[in-house]
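Q: Next comes the sequence, and after it the predicted model I'd like to discuss.
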Amino acid sequence: MTERHVYMDHSATTAVDGAVLEAMLPYFSDRYGNPNSLHLWGREARKGVNAARDQVASLLGAESSEIIFTGGGSEADNLAIKGFTFTHREKGRHVITTAVEHHAVLDSFKWLKKEGFEITILPVDETGMVRISDLEGAMREDTILVSMMFANNEVGTIQPVAGAAKICRDRGVAFHVDGVQAVGHIPVDVRELGIDMLTMSAHKMYGPKGVGVLYVRNGVKLEPIVHGGGQEHGLRSGTENTAGIVGFGAAAELAARRLADGSIKEEVRLRDLLIDSVTTSIEDVFLTGHRTKRLPFHASISVGSLEGESMLLRLDAAGIGASSGSACTSGSLEPSYVLLAMGLSHEAAHGSLRLTLGKDTSEEDIVYVAENLKRVVTGLRALSPLWKNRG
Amino acid sequence: MTERHVYMDHSATTAVDGAVLEAMLPYFSDRYGNPNSLHLWGREARKGVNAARDQVASLLGAESSEIIFTGGGSEADNLAIKGFTFTHREKGRHVITTAVEHHAVLDSFKWLKKEGFEITILPVDETGMVRISDLEGAMREDTILVSMMFANNEVGTIQPVAGAAKICRDRGVAFHVDGVQAVGHIPVDVRELGIDMLTMSAHKMYGPKGVGVLYVRNGVKLEPIVHGGGQEHGLRSGTENTAGIVGFGAAAELAARRLADGSIKEEVRLRDLLIDSVTTSIEDVFLTGHRTKRLPFHASISVGSLEGESMLLRLDAAGIGASSGSACTSGSLEPSYVLLAMGLSHEAAHGSLRLTLGKDTSEEDIVYVAENLKRVVTGLRALSPLWKNRG
Amino acid sequence: MYSEKVMELFMNPINAGKMENPDGVGEVGNPRCGDIMKIYLRIKDERIDDVSFETFGCASAIASSSMVTEMVKGLTIDEALAISNKDVVKALGGLPPQKIHCSLLAEEGIQAAIEDYRSKQRAKTEAKA
Amino acid sequence: MYSEKVMELFMNPINAGKMENPDGVGEVGNPRCGDIMKIYLRIKDERIDDVSFETFGCASAIASSSMVTEMVKGLTIDEALAISNKDVVKALGGLPPQKIHCSLLAEEGIQAAIEDYRSKQRAKTEAKA
Ligand SMILES: Cc1ncc(COP(=O)(O)O)c(C=O)c1O
Ligand SMILES: Cc1ncc(COP(=O)(O)O)c(C=O)c1O
């Protein structure tokens, strides 16, 4: 067994921060009331939920009444897309998204298609970025919703959200943004950007799993997908996940601090150190996604002549946690649709590797990862018929 | 301020048990991986989720593959009802439920109505119980789903689930049971009962809030309501709430132990002590719901000439947490539809009070509650024009 | 949820209880809605000399009736009629939106009691005439 | 996810690497699907005297090729041809369902290499004749 453990998969999920867990703890067995109860226990719980709503709203520049807590990012995406189109289906039946969205968005669009909507899926360029002109061209009289992610989970590319928002606003089309990878890591101000709905997920920003947020601009009407007791302004029924919500609030506050105190700059420095060292020290490796318009913590590469899963497992044996868009890691036969949409060959997509840094990643970690990756790649290439063929 | 605190609102929510929290804790900041990741962190998380699935399945007499974790009981109800009818809508458009269901069920049925389904809502008798003959009479050629709760949250009445299941089975109609109040508190074996789908919620059985389960019998087909990454056999996408799920597993194990070790008998004894002392020591108080076919921890009464909220708040001042079906506690103008469906007058419904015991409720707690309730009732009746009018 | 003032008057209501031989009685609300207020008045020289209430209802109903009785005590009838539900809400330090109707009941209760007093006065005057 | 045996052969594969002047070579799979196996054989007296592999693919592909080469070493050609993917899976202590195709590739790789050897033999025989 290895001595060192370096988690480099923060795009998949993050550890709950110590202060966040601390904030959550009282809500399990002490302040355990149902926030809808009138008594002391209920009032304590309600106070916690209210404060968390304020914290999340403040991170986004939103009003507290615009924050809807859900059971995760996927649910928030589904609520935005299905909830909006269900309510406005008489106004038009055309909706637009992009080829590189998360499955929670893409599969909601597929569902809309089954329900009789026409869907347009915008292509991306070789960096994974949507062209604003493509969005403009796709707009129709009967378009009612555009959904575009803020930043991509696989390649870290940041989309031109402000430009897309303006186009939607000018045409009176609702604009939903999947901000799961971006919020808390780069500044996101919903008012400034002119976003109508924004998805967040606590576990991507040092909060707990199983709690998400949909920001819904005041005035935007939605049908819930979970009906019932009428919690969350009737948009998400069910007894509130108080501990999770309080954790989300604490994570939002932590994120706001990190965005203000220069931590992000250091994260970018380490990210670039990693990108530079692996692309220069290892032969036939290239960066995927945009070089600069990318998440501060996100490095993604393609390694020639190798398949992703084999790299992951050898890195794992060295105590390093990473991920890949290879088919072999997903149980499907096709490698990542995101990488293919960017024009990568199947082989290059199979060789993809994602290394995503966290707030506690150190320079030694980066050095350790770069060294081990080089060793792993060399070892596996010695086995690869593709590599030798070229040599 | 009062010295003693007695929480008597376990139907609303329960405290996370100490052992349950203990089981959950490692999954926040240590075993924090995404269960879908290949690396060590992911495998650790997957192991936790798998074990929890086994624990829950074992409580129900189900297979692990039949357990779908959701973001709460309401979501599980919505998934069962909307997911099933969406998939089978070509087979028939008639669905049946009861007048005393939770809003998560009733409002899902209302939604179905909007979507073109015909719905039948079965009445209940004065104890809150559905008559099996009514269910039989309501069955039609095009009936595809019956949804009935196991036990009612407001009055604790246990429904004739086994009989209803048989009727459904004989006719090839799917049978969903909202078991949120019952599971973990009375024995529930899905195979024995012949249930197709069963809803559970962790926070009603000493687990955390924000995690639910839908048991889906192998072979029953559903459309998800949250689409995306395909977690939970594709029926509930989104990164798994590992800590919450592990907590649910631990809560299921705890419940299984309590169901086996005689704890429930003691709970019934204390419940009956409470019912007996308040109905005999306070004038003009009667039990609501069934006297014997009721949840072991559930006491619900109606107090003549008084309104519920006022009782709750004076009990709260004495450190006692309770609930009521009075309109004044809900922000609506009508008192509890459950109590009205049982034939209670508006006045009696306004005077409803629910006292639900927990595993840590002691006999002293019962005595304290009974004494304080008597004091509160006497005090408020001194103010009530209804009481004096009669005197 | 409730202001301190509301809770204080709910827990320890002032002017609570039935009045023997009142000069005017008003009853508003109904048990169906979960709110009944009964206001008792004793009038001396067209001034409210004493006042009490009985209320079936929630904390805000009880506090509203207690507050309104305290507010009208000592006022002339016309002054008392000028008290609006907004004045009651303000004196209570606010009420949650869904509870504003309780303050309306309080206003109406006073009005009904004064109306009762006046109709009794008219009857007396007529009897004398 | 993987058995110990799979992980062992993946981390430290036996019979890995290119063979100089093999008697038979088989290559199966394609980079599009993320799996290529190349099997090299040295044959003596219709027996597999030496065998090696190169594999582009996941852990189970690498372990399957390593295992199959180990299994056929020393066998007669006919015995080697009788090795099925199920034998490979069994020897590996099982494979996850979605990885069974790797064991199929291993079976096919050996068959392709033997086929290559035989066609070369036929060519030699014909050349002699
Ligand atoms: C009978 C019943 N069904 C469903 C629910 C909903 O469960 P949850 O609050 O976990 O969404 C509850 C409790 O709130 C309930 O009592
Ligand atoms: C871009 C993006 N959207 C949505 C999601 C879904 O969030 P969750 O896993 O919290 O449901 C994820 C992560 O899984 C993501 O990366």
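A: Received it, and whenever you're ready, just let me know what you need. Ligands and ions are numbered 1, 2, ... in the order given.

Q: could you list every residue that touches the closest residue to residue A:283 other than its chain neighbours?
A: Excluding its sequence neighbours, the residue lying closest to residue A:283 (Cβ to Cβ, 6 or more residues apart in numbering or on different chains) is residue A:304, at 7.6 Å. Where C-beta positions appear, they are placed from N, C-alpha and C, glycine not excepted. Neighbour list for residue A:304: A:283, A:284, A:285, A:347, A:348, A:351, A:386, A:387 [criterion: Cβ atoms under 8 Å, 6 or more residues apart in numbering or on different chains].

Q: Get me the contact residues on the stretch 251-391 of chain A for chain B.
A: By the rule Cβ under 8 Å from any Cβ of the partner chain, the part of the stretch 251-391 of chain A lying against chain B is A:309, A:312, A:313, A:315, A:316, A:319, A:320, A:321, A:322, A:323, A:329.

Q: now the helices: where do they sit in chain C?
A: Assigned by DSSP state H, the helices in chain C fall at C:4-11, C:59-72, C:77-81, C:85-91, C:100-128.

Q: Between all of the residues of the stretch 251-391 of chain A next to chain B, which two are separated the most?
A: A:319 and A:329 (18.6 Å; Cβ to Cβ).

Q: Tell me which of these two has more neighbours.
A: More crowded of residue A:319 and residue A:329, by other Cβ atoms under 10 Å in any protein chain shown: residue A:329, with 23 against 18.

Q: Now for the more buried one: which residues touch it?
A: Residue A:329 neighbours (Cβ under 8 Å, 6+ apart): A:308, A:309, A:312, A:323, B:38.

Q: What degree of burial does residue A:54 show, as a neighbour count?
A: Neighbours of residue A:54 (other Cβ under 10 Å): 16.

Q: and it, what element?
A: In this structure, residue A:54 sits in helix A:40-60 according to DSSP states H and E.

Q: So for chain A, which of the helices of chain C sits nearest?
A: Between chain A and those, the shortest gap by Cβ to the nearest Cβ is with helix C:59-72, which sits at 9.3 Å.

Q: hmm, the closest one in reach of chain B?
A: Yes - residues of helix C:59-72 are located near chain B by Cβ under 8 Å from any Cβ, namely C:59, C:61, C:62.

Q: list the contacts for the residue lying closest to the second one once chain neighbours are set aside?
A: For residue C:61, ignoring the flanking residues on the chain, the nearest one in space by Cβ to Cβ, 6+ apart is residue C:102 at 4.4 Å. Residue C:102 makes contacts with C:35, C:57, C:58, C:60, C:61, C:63, C:64, C:95, as judged by Cβ under 8 Å, 6+ apart.

Q: Can I get these in a markdown table including pLDDT and neighbour count?
A: Converted to a markdown table, the contacts of residue C:102 look like this (pLDDT from 0 to 100; neighbours: other Cβ atoms under 10 Å in any protein chain shown):
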| residue | pLDDT | neighbour count |
| --- | --- | --- |
| C:35 | 93 | 26 |
| C:57 | 95 | 31 |
| C:58 | 94 | 29 |
| C:60 | 96 | 33 |
| C:61 | 96 | 29 |
| C:63 | 97 | 32 |
| C:64 | 97 | 35 |
| C:95 | 96 | 22 |
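
Q: got those as JSON lines, with distance to residue A:200 columns?
A: Output for the contacts of residue C:102, formatted as JSON lines (distance: Cβ to Cβ, whole Å):
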{"residue": "C:35", "distance to residue A:200": "42"}
{"residue": "C:57", "distance to residue A:200": "42"}
{"residue": "C:58", "distance to residue A:200": "37"}
{"residue": "C:60", "distance to residue A:200": "37"}
{"residue": "C:61", "distance to residue A:200": "41"}
{"residue": "C:63", "distance to residue A:200": "40"}
{"residue": "C:64", "distance to residue A:200": "42"}
{"residue": "C:95", "distance to residue A:200": "35"}
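
Q: And the residue of the stretch 51-200 of chain A found nearest ligand 2, how far from chain D?
A: Closest approach between the stretch 51-200 of chain A and ligand 2, counting by Cβ to the nearest ligand atom: residue A:73, at 2.6 Å. Remark: distance between residue A:73 and chain D (Cβ to the nearest Cβ, to the nearest Å) = 25 Å.

Q: Could I get the pLDDT score of that residue?
A: For residue A:73, the pLDDT comes out at 98.

Q: Same check on residue A:233?
A: The predicted local distance difference test score for residue A:233 is 96.

Q: and what of residue A:339?
A: Reported pLDDT for residue A:339: 97.

Q: neighbours of the residue nearest to it when sequence neighbours are not counted, just the number please.
A: Leaving aside its chain neighbours, residue A:339 sits nearest to residue A:349 (3.9 Å; criterion: Cβ to Cβ, 6+ apart). A count of nearby residues for residue A:349, using other Cβ under 10 Å, gives 26.

Q: give me the element residue A:349 is part of.
A: With DSSP H and E as the criterion, residue A:349 is inside helix A:346-350.

Q: which other helices and strands contact that helix?
A: On a contact count with 3 or more Cβ pairs under 8 Å, 6 or more residues apart in numbering or on different chains; DSSP states H and E, helix A:346-350 meets helix A:337-341.

Q: so how far is the helix it packs on from its chain's centroid?
A: 16 Å (Cα atoms, centre = their mean, to the nearest Å).

Q: Output the set of residues of chain A in proximity to chain C.
A: By the rule Cβ under 8 Å from any Cβ, the part of chain A lying against chain C is A:38, A:43.

Q: what residue ranges in chain C score low on pLDDT?
A: For chain C, applying pLDDT under 70 flags no range at all.

Q: before we move on, the earlier item: roughly how far does the residue nearest to residue C:61 sit from residue C:10?
A: 11 Å (Cβ to Cβ, to the nearest Å).
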